[in-house]
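# Predicted model and sequence follow; I will ask about them next.
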Amino acid sequence: MRGRQGEASTLIETATRDAVRRGEGTGIAVVEWSNAVLNNGLGRYEEAMAAAQRLLAYRRDMGSSNWALAELTEAATRCEMPDTAASALARLAETTTAAGTDWGRGVEAFARPGE
């Protein structure tokens with residue numbers, strides 16, 4: 001979360017290997033989310049989008065995969081892929097609207113481009 005690419009990349013690689021070896025779906029989800037957050041923060045939007053999409057494609061941990069939607073919205077917007085961004089935002093809104101929590105509404109508002 002601090003944008004320390006070298007430290008984060010090493011940790012992401014190690015955690016990915018360990019989570020895959022142990023078959024820990026939540027571990028894989030957290031690693032991919034962390035990868036998306038790191039790369040969005042560094043302005044590496046294509047890499048952030050790829051990490052978010054890998055997490056969304058990973059169906060073994062459905063709950064954590066929703067975290068990727070805000071990151072995917074950000075990355076796709078910055079990569080000028082409005083259809084991808086709109087689709088991710090719509091999926092995110094389904095969850096945040098259903099939850100009805102302040103946190104959910106805040107995440108959704110944060111993900112909306114230009115707001």
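Sure thing, it's come through.

# tell me, what residue is most central in the chain?
Residue closest to the average C-alpha location in the chain (CA atoms, centre = their mean): residue 68, at 2.5 Å.

# so who does that one touch?
By CB atoms under 8 Å, 6 or more residues apart in numbering, the contact set of residue 68 is 32, 33, 36, 51, 52, 53, 55, 56. C-betas here are computed from N, CA, C, even on glycine.

# In those, which residue is surrounded by the most others?
Counting neighbours by other CB atoms under 10 Å, residue 52 comes out on top of the contacts of residue 68 with 30 neighbours.

# Just the pLDDT at the residue nearest to the centre of the chain, thanks.
pLDDT recorded at residue 68 is 88.

# any idea how far it lies from residue 21?
Look at residue 68 and residue 21: by CB to CB, to the nearest Å, they are 22 Å apart.

# count of residues packed around residue 58?
Residues lying near residue 58 (other CB under 10 Å) number 16.

# And the helices in this structure, which stretches?
Under the criterion DSSP state H, the chain contains helices at 5-22, 25-41, 45-57, 62-65, 68-78, 82-99, 102-111.

# buried stuff in the second one?
In terms of neighbour count (16 or more other CB atoms under 10 Å), helix 25-41 has its buried residues at 25, 27-41.

# coming back round to it: which of the helices of the chain is buried the deepest?
Most buried of the helices of the chain, by mean neighbour count (mean count of other CB atoms under 10 Å): helix 68-78, with a mean of 25.

# Show me how far that one is from its chain's centre.
Offset of helix 68-78 from its chain centre (CA atoms, centre = their mean, to the nearest Å): 7 Å.

# C-alpha coordinates for it, PDB please?
Output of helix 68-78 as PDB, limited to C-alpha atoms (Å, rounded to 0.1, in the frame of the first residue of the first chain):
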ATOM      1  CA  ALA A  68     -10.700  -6.500  -7.600                       C
ATOM      2  CA  LEU A  69     -13.600  -4.700  -9.100                       C
ATOM      3  CA  ALA A  70     -12.700  -1.300  -7.800                       C
ATOM      4  CA  GLU A  71      -9.100  -1.800  -9.000                       C
ATOM      5  CA  LEU A  72     -10.200  -3.100 -12.400                       C
ATOM      6  CA  THR A  73     -12.500   0.000 -12.800                       C
ATOM      7  CA  GLU A  74      -9.600   2.300 -12.000                       C
ATOM      8  CA  ALA A  75      -7.100   0.500 -14.300                       C
ATOM      9  CA  ALA A  76      -9.500   0.100 -17.200                       C
ATOM     10  CA  THR A  77     -10.500   3.800 -17.000                       C
ATOM     11  CA  ARG A  78      -6.800   4.800 -17.100                       C
END
